[in-house]
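Chemist: can't give you the sequence, but here's the structure:
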C-alpha cells in the first residue's frame, strides 16, 4: 500500500508541474493578446511594450521548459517577433499639443 501511495504522489506531482507550465504559457499568451487588442484599437504605442514583454517572457519560458510543446512556442515566438518588427518599422506618431502656446 505504501508503494501505491508513493506512486500516486509522484503522478500528482508530475501532473501539477505540467499544469504549471500550461498556466505560465497561458499568462504569456494573454499578455500577447493584450498587445493585439491595443494594436487593433489603434494604440500601437501601447501594444509594442506588451509584445516585447510577451516575447521576453516567452523566451524565458522556452529556456526553462525546452520540452513543453516546442512547435507551439516556436510559432508564438515567430508571430510576436513579426508583430514587433511591424510596429517598430512604423514611424512614430506624435500627439498634437493641447493648450495654447505663448
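Modeler: Thanks, I have it. From a predicted model like this one, the values you see are computed outputs, not experimental measurements.
Chemist: what's residue 87 sitting at in phi/psi?
Modeler: Main-chain dihedrals, residue 87, degrees, to the nearest 10: phi -70, psi -30.
Chemist: just the pLDDT for it.
Modeler: Predicted confidence (pLDDT) at residue 87: the value is 95.
Chemist: ok, the closest residue to it other than its chain neighbours to residue 31 distance?
Modeler: For residue 87, ignoring the flanking residues on the chain, the nearest one in space by CB to CB, 6 or more residues apart in numbering is residue 48 at 4.6 Å. For glycine as for every other residue, the C-beta is placed from the backbone atoms N, C-alpha and C. Going from residue 48 to residue 31 by CB to CB, to the nearest Å gives 13 Å.
Chemist: what does the host helix or strand of residue 76 contact?
Modeler: Per DSSP states H and E: residue 76 is located in helix 70-89. For helix 70-89, the external contacting residues (CB atoms under 8 Å, 6 or more residues apart in numbering) are 25, 28-29, 32, 35-36, 39, 44, 47-48, 51-52, 54-55, 58-59, 61-62.
Chemist: element containing residue 25?
Modeler: If you go by DSSP H and E, residue 25 is part of helix 2-40.
Chemist: where in this structure is pLDDT low?
Modeler: Residue ranges of the chain with pLDDT under 70: 1-19, 92-102.
Chemist: residue nearest the middle of it, spatially speaking?
Modeler: Among the residues of the chain, the one closest to the centroid is residue 28, at 2.8 Å (CA atoms, centre = their mean).
Chemist: contacting residues for it?
Modeler: Shown in contact with residue 28 (CB under 8 Å, 6+ apart): 54, 57, 58, 61, 76.
Chemist: just give the number of residues close to the last one.
Modeler: Residue 76 has 20 neighbours, counted by other CB atoms under 10 Å.
Chemist: likewise the third one?
Modeler: Using other CB under 10 Å, residue 58 is surrounded by 23 other residues.
Chemist: give me the contacts around the helix or strand following the helix holding residue 25.
Modeler: Proceeding N to C from helix 2-40, the next assigned helix or strand is helix 44-64, under DSSP H and E. Applying CB under 8 Å, 6+ apart, the external contacts of helix 44-64 come out as 24-25, 27-28, 31-32, 34-39, 68, 70, 73, 76-77, 80-81, 83-84, 87-88, 90, 92-93.
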